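In: Provide a 3D model corresponding to the input given below.
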Amino acid sequence: MDLNTGSKGWASPPGDLFSLRSRTYFTKKVKSPSGPWILQSAGVDWLRSAGKIENVLSHTDNRVMHALKKAQSRGKNMKSFVVAVNLQVPGREHHKDDREPIQNGEPDGNYSACLLGKSLNCSYHRGENYLEIEVDIGSAIATAILHLTLGYVTSVTIDMRFAIEAQCEEELPEKLFGAVRVRNCSATTLSLIHFG
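Out: Numbering: from 1, shown residues only. Have a look, this model is predicted:
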């Protein structure tokens, strides 16, 4: 998808669109453009299932690890490491076909940062060549806000950026480890999957 003109799909916005804590943040409270992200975004899957999907990358039939193994069998990407962020949005039966989840904010509008480990429950799964972060957006407050918002949204463009918050001066400046823009993905485009 073209970052600015594409109508449906995903792209990787440049890191300079996002301001993060600069080298002098703890003394001057200044943020600056992030610069290039550390990891290359490989894809966005828009999935639904009958139940919660945990540790997606451990399933032998997941498309991400299948593509990585196929490339490695051809001698490519031999040292690749995958970081996956699995946003889990529980649905209510009468909403599943006509509503979609949203995160953070719109590129042309307001946005807010969400500290995943503090604001939402996260689980971490580590494999030989991957780290998967599962984000449970199913807390009572998050679900209430989500379903209220979804009542007014039919399509939206969302920028999601991922960084680790600096806690001390030695960890500055902050850098993005990845970013994606998802545009106009409706619930009707969800792929139904079954993991056994």
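
In: how about stretch 39-47 as CSV, C-alpha atoms only?
Out: Coordinates of each C-alpha in stretch 39-47 appear next as CSV, following Å, rounded to 0.1, in the frame of the first residue of the first chain:
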residue,chain,number,x,y,z
LEU,A,39,13.6,-3.6,12.6
GLN,A,40,12.0,-4.0,9.1
SER,A,41,8.2,-4.5,9.2
ALA,A,42,7.4,-7.8,7.4
GLY,A,43,3.6,-7.8,7.5
VAL,A,44,0.3,-7.2,9.2
ASP,A,45,-2.2,-10.0,9.6
TRP,A,46,-5.9,-9.2,10.3
LEU,A,47,-7.3,-12.4,11.8
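
In: the bottom helix or strand of this structure by mean pLDDT?
Out: Among the helical and strand segments of the chain, the one scoring lowest on mean pLDDT, DSSP states H and E is helix 140-150, with a mean of 58.

In: which helix or strand lies directly C-terminal to that helix?
Out: Beyond helix 140-150 in the direction of the C-terminus, DSSP states H and E gives the next helix or strand as strand 157-163.

In: mean confidence for that following strand?
Out: Averaging pLDDT along strand 157-163 gives 82.

In: how about stretch 9-29?
Out: Mean predicted confidence for stretch 9-29 is 91.

In: residues in contact with it: which ones?
Out: Residues from elsewhere that reach stretch 9-29 (C-beta atoms under 8 Å, 6 or more residues apart in numbering): 1-3, 30-37, 40-41, 43-44, 107, 159, 161, 163, 165-166, 168-169, 172-176, 178-183, 185. C-beta here means a position set from N, CA and C on the backbone, and glycine is covered the same way.

In: what ranges do the helices span in the chain?
Out: Remark: helices assigned in the chain by DSSP state H are 25-28, 63-73, 116-119, 140-150.

In: if you count neighbours, what's buried in the third one?
Out: What it means is helix 116-119. L116 (16 or more other C-beta atoms under 10 Å).

In: kindly export it (C-alpha atoms) in PDB.
Out: In PDB, the C-alpha atoms belonging to helix 116-119 read as follows (Å, rounded to 0.1, in the frame of the first residue of the first chain):
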ATOM      1  CA  LEU A 116       1.600  -1.700  26.800                       C
ATOM      2  CA  GLY A 117       3.100  -3.400  29.900                       C
ATOM      3  CA  LYS A 118       1.500  -0.800  32.300                       C
ATOM      4  CA  SER A 119      -1.800   0.000  30.600                       C
END
